[in-house]
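Chemist: Curious how this folds, go ahead:
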Amino acid sequence: MKKINFILLLIFLLCFNNIPPGFGQTPPKILDMQTRAEVQNEWLAHRFNTVIPELMRRENIDMWIVVAREYNEDPVIKTMLPATWQSARRRTILVFYDDGESVEQLAVARYDIGEFFKTAWNKEEQPDQWKRLAEIVQERDPETIALNYSTDFALADGITKTQFDEFKSALPSTYHDRIVSGENLAIGWLETRTKPEMQVYPMICHIAHDIIAEGFSEAVIQPGITTTDEVEWWYRERIRELKLTAWFHPSVSVQRSDEDETGFLESFSKRPAKNVIRPGDLLHVDFGITYLGLNTDTQQHAYVLKPGETDAPEGLKKALQTGNRLQDILTSSFKTGRSGNEILKTAREQAISEDIRPSIYTHPIGFHGHAAGPTIGLWDQQGGVEGKGDYPLYPNTAYSIELNATVNIPEWNKDIRIMLEEDAFFDGDTVRYIDGRQTELWLIPRQ
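Modeler: Numbers count the residues shown, from 1 in each chain. Got it, this is the predicted structure:
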C-alpha cells in the first residue's frame, strides 16, 4: 500500500500541478510508460485481493475459469493481464477458486502470468492442457464452475464455442451440470471501480477536459477558415502528442441559425466533413481518451462569437441550463438495485413533467468506453433496453451521463439539441461528476 500511495502522490504532483485552468499554456504532464505499468500493476494486485473475493461470494461461485487464445482474447482477460503483456500467449487459462477463506489464483498456461498467476501446468507431465484443467477442477471439486458466456453482454461472452466444447469434452460428465454463466462475475469485475483508481480518475478526466478546451479555442479554430474535420484531426494529433490514445475518433458538428436542424443519426454519421466553422455557430464535440487503462467520454459545446458579441445568445445559455437540469434529473434517479430501465423511466417521466424534451442514452465507463454494467436507454430505444437495461445498479461504478435535450432558441426561431456527456461516479448513495461538468458554453475567442 505504501508503494501505491507513493505512486498516486507522484501522479498528482506531475499532472495536476501542470494543468492550467485555461488552455495552450503548459501541457499536462503524462507519466512515462514504465511508471504507468507500475501503477496499473499495483491497481491490478489490489483488484485481485479485494474485488474478486467479494464478487465470487456475492454470486455464490466457487470456481471462475477465464479462457482466451492469443489475438482472440476474452475482454475480461485483457483487463487481468500484467501491464507489460499486450495479449494472451498461446492459450491462456486463468482459474480462480474460492475455498471460503481465500481465493486461489492459477494459470493453466506455459508461463507464469506476471506475479499474479503461477502456472499450474507442466506440459512434460501432462501434455494435454485441457486434461490438466480438468484435473484442477476435480482436485478442488467446486459446486459451481463459471465460464464467460452471455446472451446480452458482449463483454461477458468471451469464451468461444471451440474453447467451451473442448473444455466440456475434457471434463468428467459429473461436472457438466455445475457449469454456469459467469456473466455477473465478468460484469462485476469490469464495472467495479476501486479506491486507488478513483483517486486518479479525476486527473484522467481533467486531461480530457483540458484537451477539449484547447481545441474549442482560437488556438485551433479560425472562423471562416477552419473546418470541423480539421478540428477532429487536431484532437487526434493532440492526443498522440501527449502519448495517449483515443478509443474512438472525435466528432465535431455544427448547429446554426440559418440551417435546418438535422436528425440525431445524421449529426453523427452524415455530417459534412468539410463544414467550415462560422461566427454564430454552436459547436459540439464528442471526445474520449484512454490512459492508465481507463477511458473518458465527453460531449461539450462551444459558441463562436459574431463580430461585436462578447457572449452567446441568451437562448443558447438557457438551453445549456436545460441540459444541466436533465443531467440532475437523471443522476437523482440513481438508486442501488434499480435497473437501467427503471432509472430511464423515472428520469424521463420527471423531465417530461418539467416540459423538458429528453433523450437519454447513458452507459457505464471504465476499462472500456461503452463499458460493462446497466444500459440506461439508447438514443433509438427510449422505452427501455431489453437485457442490458435490466441489469441492476451497483455501488462503486462509473457512468458517462450521456443525453440530449431539445430546446427552442427564440433568437434563432428553431429547435436545437443540447448534447451533453460527462463522466460520473456512483458511490452507492450519490452521483458525483469525476471532474465536474460543463455549465457554461466555451466561447471562441475567449473573453
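Chemist: C-alpha only now, for contacts and for neighbours.
Modeler: Will do.
Chemist: Straight-line length of stretch 356-370, end to end?
Modeler: Taking CA to CA, to the nearest Å, the first and last residues of stretch 356-370 lie 26 Å apart.
Chemist: Could you do stretch 109-119 as well?
Modeler: From the first residue to the last, stretch 109-119 extends over 6 Å; the measure is CA to CA.
Chemist: Give me the mean pLDDT for it.
Modeler: Rounded to a whole number, the mean pLDDT of stretch 109-119 is 89.
Chemist: next one: that stretch to chain centre, how far?
Modeler: 28 Å (CA atoms, centre = their mean, to the nearest Å).
Chemist: which parts of that stretch are buried?
Modeler: By neighbour count, and taking 16 or more other CA atoms under 10 Å as the criterion, the buried residues in stretch 109-119 are Ala109, Arg110, Tyr111, Ile113, Phe116, Phe117, Lys118, Thr119.
Chemist: What of stretch 149-159?
Modeler: Neighbour counts over stretch 149-159 (16+ other CA under 10 Å) mark Tyr149, Ser150, Phe153, Leu155, Ala156, Asp157, Gly158, Ile159 as buried.
Chemist: Tell me where the stretch 251-400 of the chain is predicted with low confidence.
Modeler: 261-273 (pLDDT under 70).
Chemist: Please tell me how far Tyr303 sits from Ile211.
Modeler: Computed as CA to CA, the Tyr303 to Ile211 distance reads 17 Å.
Chemist: neighbour count winner among the two?
Modeler: Neighbours around Tyr303 and Ile211, counted as other CA atoms under 10 Å, are more numerous at Tyr303. The numbers are 27 against 21.
Chemist: okay, how far is it across stretch 405-414, tip to tip?
Modeler: Termini of stretch 405-414 sit 14 Å apart (CA to CA).
Chemist: list the buried ones in it?
Modeler: Under 16+ other CA under 10 Å, the buried positions of stretch 405-414 are Ala405, Thr406, Val407, Asn408, Ile409.
Chemist: if we look at it, which residues are touching it?
Modeler: Applying CA atoms under 8 Å, 6 or more residues apart in numbering, the external contacts of stretch 405-414 come out as 257-258, 313, 315-316, 319, 322-323, 326, 356-359, 415-419.
Chemist: same thing but 6 Å
Modeler: The contact list for stretch 405-414, computed with CA atoms under 6 Å, 6 or more residues apart in numbering, reads Ser257, Gly315, Ala319, Gly323, Arg357, Pro358, Asp415, Ile416, Arg417, Ile418.
Chemist: So what's the residue count around the third one?
Modeler: Per other CA under 10 Å, the neighbour tally for Ala319 reads 20.
Chemist: same question, the second one
Modeler: Other residues within reach of Gly315, judged by other CA under 10 Å, total 15.
Chemist: So what's the gap between stretch 45-64 and the chain middle?
Modeler: Mean-position distance between stretch 45-64 and its chain equals 21 Å (CA atoms, centre = their mean).
Chemist: Then stretch 275-284?
Modeler: The chain centroid and the centroid of stretch 275-284 are separated by 29 Å, computed with CA atoms, centre = their mean.
Chemist: distance between the ends of it?
Modeler: Counting by CA to CA, the length from the leading to the trailing residue of stretch 275-284 is 13 Å.
Chemist: for stretch 378-391, same thing?
Modeler: Terminal residues of stretch 378-391 are spaced 15 Å apart (CA to CA).
Chemist: And the residue nearest in space to the middle of the chain, how far from Arg69?
Modeler: For the chain, the residue lying nearest the average C-alpha position, counting by CA atoms, centre = their mean, turns out to be Ile365 (2.4 Å). Summarising the geometry, the distance separating Ile365 from Arg69, computed by CA to CA, is 26 Å.
Chemist: Would you write a PyMOL line that selects the buried entries of the contacts of stretch 405-414?
Modeler: Under the burial definition 16+ other CA under 10 Å, those of the contacts of stretch 405-414 that qualify are selected in PyMOL by:
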select buried, resi 257+319+323+357+358+415+416+417+418
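Chemist: In helices, which of the contacts of stretch 405-414 appear?
Modeler: Within the contacts of stretch 405-414, membership in helices is found for Gly315, Ala319, Gly323, as judged by DSSP state H.
Chemist: nearest to His249, of these?
Modeler: Using CA to CA, Gly323 is the member of these that lies nearest His249, at 24.1 Å.
Chemist: I'd like the distance between that closest one and Thr406.
Modeler: Taking CA to CA as the criterion, Gly323 is separated from Thr406 by 9 Å.
Chemist: ok so, going back, pull the most distant pair out of the buried residues of stretch 149-159.
Modeler: Of all the pairs that the buried residues of stretch 149-159 form, the one spanning the most space (CA to CA) is Phe153 and Ile159, at 12.4 Å.
Chemist: on that earlier part again, of the ones in helices among the contacts of stretch 405-414, which is the nearest to Ser251?
Modeler: Gly323 (19.6 Å).
Chemist: how near is the closest one to Thr346?
Modeler: Using CA to CA, one gets 17 Å for the distance from Gly323 to Thr346.
Chemist: same check, this time on Ala83
Modeler: For Ala83, the distance to Thr346 - CA to CA - is 41 Å.
Chemist: Helices of this structure, start to end?
Modeler: 2-15, 33-58, 75-78, 129-140, 161-170, 183-191, 195-215, 228-241, 264-269, 314-332, 340-353.
Chemist: what's the most buried one of these?
Modeler: helix 183-191 (a mean of 24; mean count of other CA atoms under 10 Å).
Chemist: If you tally nearby residues, what's the number for Glu124?
Modeler: For Glu124, the tally of surrounding residues (other CA under 10 Å) stands at 7.
Chemist: Do I have it right that Asn295 meets His370?
Modeler: No. With contacts counted by CA atoms under 6 Å, Asn295 stays clear of His370, the gap being 9.1 Å.
Chemist: So for these two, which residue has more residues nearby?
Modeler: Between Asn295 and His370, counted using other CA under 10 Å, Asn295 has the larger neighbour count: 24 against 19.
Chemist: and that one, what does it touch?
Modeler: For Asn295, the contacting residues are Ile289, Gly366, Gly369, taking CA under 6 Å, 6+ apart as the criterion.
Chemist: Now the last one: closest residue in space that isn't a chain neighbour?
Modeler: The reference is to Gly369. Asn295 (5.6 Å; CA to CA, 6 or more residues apart in numbering).
Chemist: thought Leu305 was touching Asp281?
Modeler: No. Contact status for Leu305 versus Asp281: not in contact, 7.9 Å apart, counting by CA under 6 Å.
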